[in-house]
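**Student:** quick one: sequence plus predicted model below, questions after.
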Amino acid sequence: MIKSVFKGDIIHTPTKGEFEIYEDSYLIIENCKVVKISHQLEDLYKNYDFYDFSGKIIIPGFVDVHLHAPQYPNRGLGMDKELIPWLNTYTFPEESKYKDIEYSRRVFKEFINDIWKEGTTRSAVYSTIFLNSTKLLMDMFIESGLGAYIGKVNMDRNSAPNLTEDTYESIKDTKELILEYKDRSELVRPIITPRFIPTCTDELLTELGNLAIEYNIPVQSHLNENTSEVEWVKELYPNSKNYASVYDDFSLFGQSKTIMAHCVHNTDEEIDLMADNGVYAAHCPYSNFNLSSGMSPIREYLNAGVNVGLGSDISGGHILSIPRVMVGAIHTSKMVWLQNQKELAPLTLSEAFYLATKGGGSFFGKVGSFEKGYDSDLLVIDIDNLTTLKTLTPEEKLQKFIYEGSSDNIIERYVKGKKIERPYK
Ligand code: GUN
Ligand code: FE
């Protein structure tokens, strides 16, 4: 059993909008879980493994609730188009390469190494349509020690010819993956991943909804990202109430726990349906800028009681770092506030931090906070190279790291109390 004590300036956000800060304190961990934070080290814990990070910040690991592994080679490329032409021009040609397992391995190595480097300890990842490369990605995540939900992408219409699945094969492969991986690893689990409504037939969506319910497997997809996509779904389903209700009608909207990426153009009714069904919104501000999708009014979702996490959306988004994405979310919220005559208050830093840790983390269980019983996923941050001009409080150090720091400032990463080393050479 892991029994350890971490000493340092400990910061987390058990409540949205409030940093809890414990300067020069002790984080007690037993059996992968947080026991408590204390200002003094009690005798009881003096024989625990002791990690002295005095003067450094200790925070929960970051959570990325939306990104695409096979798009990693495309990050920063092809940002001159809107969603649908971007998919056809850049994304589908890249994703069709992953039948090649050696290419898959090369990309996934770099992808997982970089996720590790940026301090993302849990993520919800889209793999490819290919069963073998998806199994490889799951195996590689298991080997890495990082946590992830990983989904084989399903699409059987409106895609590139070499990326259009036979409906029966798509369902069969998805079921195989679920059966093989649902109980294999506590940290790396399958998630059902219809790419989005336009690329999935009714038959496919029906069977995926059935699988989600039968095996209680979570679901991830895209919702109301870009205006031309929203129009397209209206044309495909003229009789549906709205885009969200198409998923809902196929039992893919909170019947098992669900993440919907983007949610830029939801109607009020769709926001309420997300709240009622407990569906998570993955807020992906950089992707929404890059593909001219828009600015998601994330405050409306929070006001309505929708669960929100942050997503890098590699490679619609060009930045993997969740601290960077936090800043993007804050910037977006400030512009939304101005556009709405100063209604819909901007996100504060502590709110953005909450979304990046406990907000998205709750999809994975008791993750993203240092409350008693939470998984002890943590990062140690050293910003001494950024602070030569001024003495900073722990909270200011965290601010500086988020706005100005980089992965170089993350000196150690732990998942469930276990130190995670760089996964691949
Ligand atoms: N909608 C359907 N597929 C995708 C994708 O790969 N990226 C983004 N951003 N949106 C999508
Ligand atoms: Fe996406």
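**Tutor:** Noted; the coordinates are in hand. Ligands and ions are numbered 1, 2, ... in the order given.
**Student:** quick check: buried residues in stretch 202-217?
**Tutor:** Neighbour-count burial for stretch 202-217, counted by 16 or more other C-beta atoms under 10 Å, picks out 204-209, 211-212, 217. C-betas here are computed from N, CA, C, even on glycine.
**Student:** now what about that stretch, what contacts it?
**Tutor:** Residues outside stretch 202-217 that contact it (C-beta atoms under 8 Å, 6 or more residues apart in numbering): 154, 156, 167, 170-171, 174-175, 178, 182, 190-192, 194, 197, 200, 218-219, 247, 250-252, 255-256.
**Student:** try 7 Å this time
**Tutor:** For stretch 202-217, contacts defined as C-beta atoms under 7 Å, 6 or more residues apart in numbering pick out 154, 156, 167, 170-171, 174-175, 178, 182, 190-192, 194, 219, 250-252, 255-256.
**Student:** please flag which of these sit within strands.
**Tutor:** 154, 190, 194, 219 (DSSP state E).
**Student:** ok, so of the residues you listed, who is nearest ligand 2?
**Tutor:** P194 (12.4 Å; C-beta to the ion).
**Student:** list the beta-bridge partners for that closest one.
**Tutor:** Beta bridges link P194 to N154, judged by DSSP bridges.
**Student:** which residues touch it?
**Tutor:** So P194 contacts 154, 200, 204-205, 208, 221, 252 (C-beta under 7 Å, 6+ apart).
**Student:** can you rerun that using 10 Å?
**Tutor:** Listed by C-beta atoms under 10 Å, 6 or more residues apart in numbering, the contact partners of P194 are 151, 153-156, 170, 174, 200, 204-205, 208-209, 212, 219-222, 247, 250, 252.
**Student:** count of residues packed around the residue in the stretch 251-400 of the chain positioned nearest to ligand 1?
**Tutor:** Across the stretch 251-400 of the chain, no residue is closer to ligand 1 than G316, which sits at 3.2 Å (C-beta to the nearest ligand atom). Per other C-beta atoms under 10 Å, the neighbour tally for G316 reads 33.
**Student:** identify the residues contacting the nearest residue to it once chain neighbours are set aside.
**Tutor:** Spatially, and ignoring its direct neighbours in sequence, G316 is nearest to S287 (3.3 Å; C-beta to C-beta, 6 or more residues apart in numbering). Listed by C-beta under 10 Å, 6+ apart, the contact set of S287 reads 66-67, 79, 83, 86, 225-226, 261-262, 264, 293, 311-319, 325, 328.
**Student:** kindly report the same for L87.
**Tutor:** Shown in contact with L87 (C-beta under 10 Å, 6+ apart): 81, 93, 95, 158-160, 163, 195-196, 198-199, 229, 291, 316.
**Student:** what's the answer for I142, then?
**Tutor:** By C-beta under 10 Å, 6+ apart, the contact set of I142 is 148, 150, 181, 184-188.
**Student:** let me know the closest of those to ligand 1.
**Tutor:** When the contacts of I142 are ranked by distance to ligand 1 (C-beta to the nearest ligand atom), I150 comes first, at 15.0 Å.
**Student:** in the sheet, who's paired with the closest one?
**Tutor:** Bridge pairing for I150 - DSSP bridges - gives V125, P190.
**Student:** phi and psi next, for the nearest residue to Q71 once chain neighbours are set aside.
**Tutor:** Nearest residue to Q71 in three dimensions, chain neighbours excluded: S315, at 3.8 Å (C-beta to C-beta, 6+ apart). When read as degrees, to the nearest 10, the backbone of S315 gives phi -110, psi 20.
**Student:** how near is S315 to L87?
**Tutor:** Distance from S315 to L87, counting by C-beta to C-beta, to the nearest Å: 11 Å.
**Student:** next one: G8
**Tutor:** The spacing between G8 and L87, counted by C-beta to C-beta, is 44 Å.
**Student:** quick one: what helix or strand has the one residue sitting closest to the centre of the chain in it?
**Tutor:** Nearest to the geometric centre of the chain sits V65, at 1.6 Å (C-alpha atoms, centre = their mean). In this assignment (DSSP states H and E), V65 forms part of strand 62-68.
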